[in-house]
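Trainee: Just to be clear, the model below is a prediction. Sequence and coordinates:
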Amino acid sequence: MSAVVRSRPWLLTLIALAVLVAVNTALQPSFVQPAVLQSNLTTFLPLALVAIGQTYVVMGGDIDLSVGAIAALVNVVTVSAIAAVGGDGLTPIIAGLAAGLATAVVCGVINGVLVAVLRLQAIVTTFATGIVFAGTALFVLPQAGLPVPEAFWRSYGATLAGLPVVLWILLAGLAFALFLARRPFVAHLTAVGGSRVGAFQTGLSLSRVRIGAFVLSALFAGFAALCLTGETASGDPLLGQSLALSSISAVVLGGTALSGGSGGPVGSILGALVLGMIGNVIFFAGLPFAWQTLVQGLIVLAALAGGVLVTRR
C-alpha cells in the first residue's frame, strides 16, 4: 500500500476528498442535487484551473506568485476589449477572449524570461511581476464595472449535451493534462525540476522548458479569469487575489513536491476540490469563517510533512 501511495500520492488526496464529500452531504443533504453540484463546481473551477498551470511551474522547481494578478489583468483586458469592439454579437466576445488569452501568454513569457534567461529567483520575481500586473489591471480598469454581453455569462452557466459547461471546462483541463503527461515536455520538465545540472548535461534547453512552464501557468490563470468573468459578468481589477497561495496549497495537497521533479496536475485538481470542500464543511458546520484559513494551513503543513517523509523513505 505504501508503495502505491508513494507512486501515486494523489490517492491520499482522493480519499480525503471522498471523506469531505461524505461529511458535506451529511451536513447539507441537498449537496447531491445537480443544481447544487453545478454551483459548487462553478465556485471551485477557477482554482482548479490555476492549480493545473501552477503544477507545471512547481514541477520545474520554480513557483509562480503572479497568477492571481494575471487573472485580474486578463479579466479587465477581456471586458475592455469587448467594450471597445461594442455590440452584443459573437465578434466582440471572440475579440475579448483573444485579447485576454494573448495577455496571459505575454505575462507568462515575461515571467519565464526573467526567471529562466536572466536567472532571477522565481519566488521574488513573480511576486514583483504580480505587483506590476496588478497595477496594470488597475490602470486598464480603475474600478469594477464594464458588464459583458449576456451571451457570455449565459453560455458559461448553460448546459451542453446534458452536462454543465463548467464540467466540460474541467474535463477539458483534465484531458489536456493527461495528454501533456505523455509528451516529452513533461518528462523534460520533471528532469529540470529534479536536477538542473543533470538535465543540462543531457543537452536539454533549460530556458525553453522553464519558459514553457510559466506560459502554461499564465494561460491557465487566463482560463480561470475567463471563468470568473463568466461568473461575475463584469470586470474587476481586484479579481483573484487569493488564487496564488490557494493554488500552491492545492498543488502541495495533490502530491507535487515544492522542490520540483515529481507530481502532476491530476493531484492538483483534487487538491483544489479538497480546499473547496473544506470551506463548504466549515460553513455548513456553523464554524467561524476564520477556521477555514486555519484548517487549510494545518492541512498544507501536514501534506508538506508527509511529502518529506515519503521522499526520505
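Mentor: In hand now; what should we look at?
Trainee: Spatially central, which residue of the chain would that be?
Mentor: V50 (1.0 Å; C-alpha atoms, centre = their mean).
Trainee: Skipping its backbone neighbours, what lies nearest that one in space?
Mentor: Leaving out its chain neighbours, the residue that sits closest to V50 by C-beta to C-beta, 6 or more residues apart in numbering is S247, at 4.4 Å. All C-beta atoms are positioned from the backbone trio N, CA, C, and that covers glycine.
Trainee: do the same with V21
Mentor: Residue nearest to V21 in three dimensions, not counting chain neighbours: M277, with 6.4 Å by C-beta to C-beta, 6+ apart.
Trainee: Test my guess that F44 contacts L270.
Mentor: No. The pair F44 and L270 does not pass the contact test of C-beta atoms under 8 Å, sitting 10.9 Å apart.
Trainee: who touches L273 in this structure?
Mentor: Counting by C-beta atoms under 8 Å, 6 or more residues apart in numbering, L273 touches L17, F44, A48.
Trainee: Same list (those) but as JSON lines, adding secondary structure.
Mentor: Compiled in JSON lines, these are given as follows (DSSP: H, G, I helix; E, B strand; the rest coil):
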{"residue": "L17", "secondary structure": "helix"}
{"residue": "F44", "secondary structure": "helix"}
{"residue": "A48", "secondary structure": "helix"}
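Trainee: give me the low-pLDDT residue ranges for the stretch 151-300 of the chain?
Mentor: For the stretch 151-300 of the chain, the stretches flagged by pLDDT under 70 are 292, 296, 299-300.
Trainee: Could you report the distance from the residue with the largest distance to the centre of the chain to V192?
Mentor: The centre of the chain is farthest from one residue, Q201, which by C-alpha atoms, centre = their mean lies 31.8 Å away. Noted for Q201: a distance of 12 Å to V192, by C-beta to C-beta, to the nearest Å.
Trainee: And G276, by the same measure?
Mentor: 31 Å.
Trainee: Comparing the two, which residue is more hemmed in?
Mentor: Neighbour count, other C-beta atoms under 10 Å: between G276 and V192, V192 has more, with 27 against 22.
Trainee: what's the closest non-adjacent residue to that one?
Mentor: Nearest to V192 is A199, by C-beta to C-beta, 6+ apart, at 4.6 Å.
Trainee: Counting neighbours, what do you get for the residue nearest to V50?
Mentor: 36.
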